[in-house]
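# Need a 3D model of the following:
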Amino acid sequence: MSPLGNTPSVKTESHLVDQASSAAQPADPALQVAAIGLRLDEQLRKPTDASAAVVDEAYQSLNQLAPLIPSGEGLSPAYASVAHFYYLTALPLCGVEPARRAVEAARAHGHLGQLRVALSFQALICSETAALPAAHAALQEALDCAERLADLPAQCSVWNSIGAVLQLQSRSREAVAAFERVLEIADSDASLLRFRTAALGNIALACTDIDGDVGHGIRAAHAALALVGEPKTAPQLQNRVSLEAITTRLLIEVSQLDSARMHAEAATRYATGGARAEVMAKMARGLVEVASNKHDVGLTLLRQALDTARHTVKALHMPALQTVIKAYEMAGQLDVASVYLEELMRLNRESKAAMLLEHHHKYVEALLGKLGTADEVEATLNSKRSRLTTSLSQRDVHSLTRMLEEHAIAAELHDDETGAHCFRVGRLASILGRTIGLSEDVCFLIDLAARLHDVGKLFVPDGILLKPGKLTLDERSIMQTHTTSGADFLAKANVPQMHIAEEIARHHHERWDGTGYPDRLAGSAIPIAARVAALSDVFDALTHVRPYKRAWSVDESLEEIRSLRGEAFDPELTDIFLALVPSLQREHGDLDSFLAAEASNSPFVATRRQLAEKLKGRDPSVTAFDLRR
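All right, here's what the predicted structure looks like:
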């Protein structure tokens, strides 16, 4: 189920022309943009079968007019309307470029309010297309705009969106903190009641993913239900169904089955607003029946909901799969649950990989275009790529991997809130490589490549990544696919000079004795870069807190690595590593700060830290990144 109330509003500057003059297509470029804005407004208010063609044509016209309006006046709201249309029609990838243009135009115009709206739309599109680091950055800037404007409704809207993005990243506790900031702001002004209602519903939804916070979620859900009253419009009906379904799930967690059934029946009663509401209602009823040991009835309802989601309500396909898996596990049918888990894994991998690659390729194309020289302006992009990539500097190679690096940080956030783990692993691996005599260029590439070693975890379902207990054999098997998924993703990313990243991603869980995965390589058959990265990765994991373990001391960690010499790790390389770490400690003192120095240059890490500071609120005892999933 999607968080509530997170779509920013957009208004085109239609006051520049009246409805009658819009058909005349005035010659002045600014007035032409205003006329296009009117047409886009109409399509958003009253969509028809012809809307897609009208919006496509309007977008092309805006692109032709944009160079004629250097000030950007009027362009940002119009571009934002195009992005909004693509979002509403489930074509978010088509909205990436118009959302970017909306932000650029608002910057050119110097209009802070329009910039805030454009950034909010950019964040919405980025979150829908799995580009969560970019969504973070856009929302951080949007919040700054709203605060500079002292615009309380805008602040509420942005905080709601921040919470939604955090929830998509499975940062549920941080999401709750963001939604609670909405409550703080809304309490100061009675006119902000609608934001309070949405925030309470979103808190309830986030609490379905937090162990020990079910009571908090139930209280928030009941408070939201008390505020919404009887729904009258289609969006109100859908929100009411969502709230009833969330309340049902929470009540099942505390075995209040009678109350859960009452709310599931209410969801069914209100589910008159289309397929989306029907799917949510069936999911709620199905879970209640399974929890009440009426397995056949409940599982039939859930399979029906899943089938509708697969074919009609794509946005609910993944939540429906997750609910079906949970239900089969509740029913003790783990073999069937594993079948649906495979489908979830495949859907997660294919949908995310396709969208992330689209973002990455556009980023690389833009960057390669900037790296070209004046006499290459007329060259095709492919020709330009082939000429440039043979002689890229280290700085250029790093620039090309920047977006992949951000995704790798996002993939590790379930274990490392600071985002520094991948940087420490990369730096230590490169130093180890240099110590054994690898060339400076190779060590530079190992540093960058090792940062991407766990990027494949982006494609593992959160239910497995975040499971507090021991994984089943099927879950462990899926977890291990992060190596091949990551390598395949990096291969398709096609970053020049970075094939070493594929090797590390694929083979950093191989073992010297041949019992590792995915290919059971043994001894020197394991690529040297993967052997180097594996030692660095294990050492860093051991010496830092994880949700499932304390931080071990350096001495304890080295002793553990010594015990695995010749089993998990290359024996000669292990001996060198065991001598290297104490030497680095003596030389640099604070090993963490030394190894993570490059993290300070990461825009995503900086954004995460700024957001963590804002989420601390007024409690001085809470430090950045204390909010843990």
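
# okay, and for this structure, where does confidence drop off?
Low-confidence segments of the chain, defined by pLDDT under 70, span residues 1-26, 273, 370-391, 548, 617-629.

# Geometric centre of it: which residue is closest?
With distances taken as Cα atoms, centre = their mean, Leu132 lies nearest the centre of the chain, 3.4 Å away.

# wait, isn't it in contact with Ala410?
Yes: using Cβ atoms under 8 Å, Leu132 is in contact with Ala410, at 5.5 Å. Yep, even glycine has a C-beta here, placed from its N, CA and C like the rest.

# shared neighbours of these two, anything?
Counting by Cβ atoms under 8 Å, 6 or more residues apart in numbering, the contacts common to Leu132 and Ala410 are Gln169.

# Please tell me how far the residue nearest to the centre of the chain sits from Ala164.
From Leu132 across to Ala164, the span is 11 Å (Cβ to Cβ, to the nearest Å).

# name the helices or strands packed onto the lengthiest helix in the chain?
Assignment by DSSP state H gives helix 334-371 as the longest helix of the chain. Judged by 3 or more Cβ pairs under 8 Å, 6 or more residues apart in numbering; DSSP states H and E, helix 334-371 is in contact with helix 92-109, helix 317-330, helix 381-388, helix 394-412, helix 473-480, helix 482-493.

# And those helices: which comes nearest Ala34?
Counting by Cβ to Cβ, Ala34 lies closest to helix 92-109 out of those; the figure is 13.4 Å.

# buried sites along the next helix or strand after that closest one?
Sequence order places helix 112-128 as the next helix or strand after helix 92-109, per DSSP states H and E. For helix 112-128, the neighbour count (16 or more other Cβ atoms under 10 Å) marks 113-128 as buried.

# tilt between the strand or helix carrying Val279 and helix 317-330?
Applying DSSP H and E as the criterion places Val279 in helix 275-291. Interaxial angle, helix 275-291 versus helix 317-330 (axes from the mean of the first three to the mean of the last three Cα atoms, to 10 degrees): 10 degrees.

# Just list what the helix or strand just after helix 275-291 packs against, helices and strands only.
Per DSSP H and E, helix 275-291 leads on to helix 295-311 as the next helix or strand towards the C-terminus. Counting by 3+ Cβ pairs under 8 Å, 6+ apart, the packing neighbours recorded for helix 295-311 are helix 275-291, helix 317-330.

# So which other helices or strands are in contact with the helix holding Val279?
helix 234-253, helix 257-270, helix 295-311, helix 317-330.

# Count the neighbours of the residue nearest to Leu88 when sequence neighbours are not counted for me.
Taking Cβ to Cβ, 6 or more residues apart in numbering, and ignoring the residues beside it in sequence, Leu88 has Leu44 as its nearest neighbour in space, at 7.5 Å. Counted with other Cβ atoms under 10 Å, the neighbours of Leu44 add up to 17.

# Could I get the buried residue list for stretch 300-312?
In stretch 300-312, counting by 16+ other Cβ under 10 Å, buried: Leu301, Leu302, Arg303, Gln304, Ala305, Leu306, Thr308, Ala309.

# Dump these into TSV; add distance to Met280 as well.
Putting these into TSV (distance: Cβ to Cβ, whole Å) gives the following:
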residue	distance to Met280
Leu301	12
Leu302	12
Arg303	15
Gln304	13
Ala305	8
Leu306	12
Thr308	10
Ala309	10
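
# Just give me the closest of those to Gln155.
Nearest to Gln155 among these is Ala309, at 33.8 Å by Cβ to Cβ.

# Could you tell me how far the closest one is located from Leu301?
Using Cβ to Cβ, we find Ala309 at a distance of 13 Å from Leu301.

# looking at the helices and strands packed on helix 275-291, which is buried most?
The highest average neighbour count among the helices and strands packed on helix 275-291, using mean count of other Cβ atoms under 10 Å, belongs to helix 234-253 at a mean of 23.

# Let me know the angle separating that one from helix 317-330.
Interaxial angle, helix 234-253 versus helix 317-330 (the same axes, to 10 degrees): 20 degrees.

# send the alpha carbons of helix 234-253 over as CSV?
Extracted in CSV, the C-alpha atoms of helix 234-253 (Å, rounded to 0.1, in the frame of the first residue of the first chain):
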residue,chain,number,x,y,z
ALA,A,234,-13.3,8.6,-5.1
PRO,A,235,-9.9,9.6,-3.6
GLN,A,236,-11.4,9.7,-0.1
LEU,A,237,-12.9,6.3,-0.6
GLN,A,238,-9.6,4.9,-1.6
ASN,A,239,-7.8,6.5,1.3
ARG,A,240,-10.4,5.1,3.7
VAL,A,241,-10.0,1.6,2.3
SER,A,242,-6.2,1.9,2.7
LEU,A,243,-6.6,3.0,6.3
GLU,A,244,-9.0,0.2,7.1
ALA,A,245,-6.6,-2.3,5.5
ILE,A,246,-3.6,-1.0,7.4
THR,A,247,-5.6,-1.1,10.7
THR,A,248,-6.6,-4.7,9.9
ARG,A,249,-2.9,-5.7,9.5
LEU,A,250,-1.9,-4.1,12.7
LEU,A,251,-4.7,-5.7,14.7
ILE,A,252,-3.8,-9.1,13.4
GLU,A,253,-0.3,-8.7,14.7
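
# Which residues does it contact?
Contact with helix 234-253 is made by 1-2, 4-5, 201, 204-205, 207-208, 214, 217-218, 221-222, 224-225, 228, 231, 257, 259-260, 263-264, 266-267, 270-274, 276-277, 280-281, 283-284, 287-288, 291, as judged by Cβ under 8 Å, 6+ apart.

# Give me the buried subset of these.
Neighbour-count burial (16+ other Cβ under 10 Å) applied to those gives 1-2, 4-5, 201, 204-205, 207-208, 214, 217-218, 221-222, 224-225, 228, 231, 257, 260, 263-264, 266-267, 270-271, 273, 276-277, 280-281, 283-284, 287-288, 291.

# What about Gln32, how many residues nearby?
Neighbours of Gln32 using other Cβ under 10 Å come to 22.

# Make 764 the first number, not 1, from now on.
Yep, numbering from 764; the last one is Gln795 now.

# Might one say that it is in contact with Leu828?
Yes: the pair Gln795 / Leu828 is scored as a contact, 5.7 Å apart, by Cβ under 8 Å.

# how many degrees apart are the helix or strand where the residue nearest to Leu851 lies and helix 855-872 in direction?
Assessed by DSSP H and E, Leu807 sits inside helix 792-808. In terms of direction (the same axes, to 10 degrees), helix 792-808 departs from helix 855-872 by 140 degrees.

# Check which helices and strands helix 792-808 is in contact with.
Using 3+ Cβ pairs under 8 Å, 6+ apart: helix 792-808 touches helix 782-785, helix 814-828, helix 838-851.

# Just put these in JSON lines and tack on mean neighbour count and distance to Asp952.
JSON lines is the format used below for the helices and strands packed on helix 792-808 (neighbours: other Cβ atoms under 10 Å; distance: least, Cβ to Cβ, whole Å):
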{"stretch": "helix 782-785", "mean neighbour count": "13", "distance to Asp952": "34"}
{"stretch": "helix 814-828", "mean neighbour count": "17", "distance to Asp952": "35"}
{"stretch": "helix 838-851", "mean neighbour count": "26", "distance to Asp952": "25"}
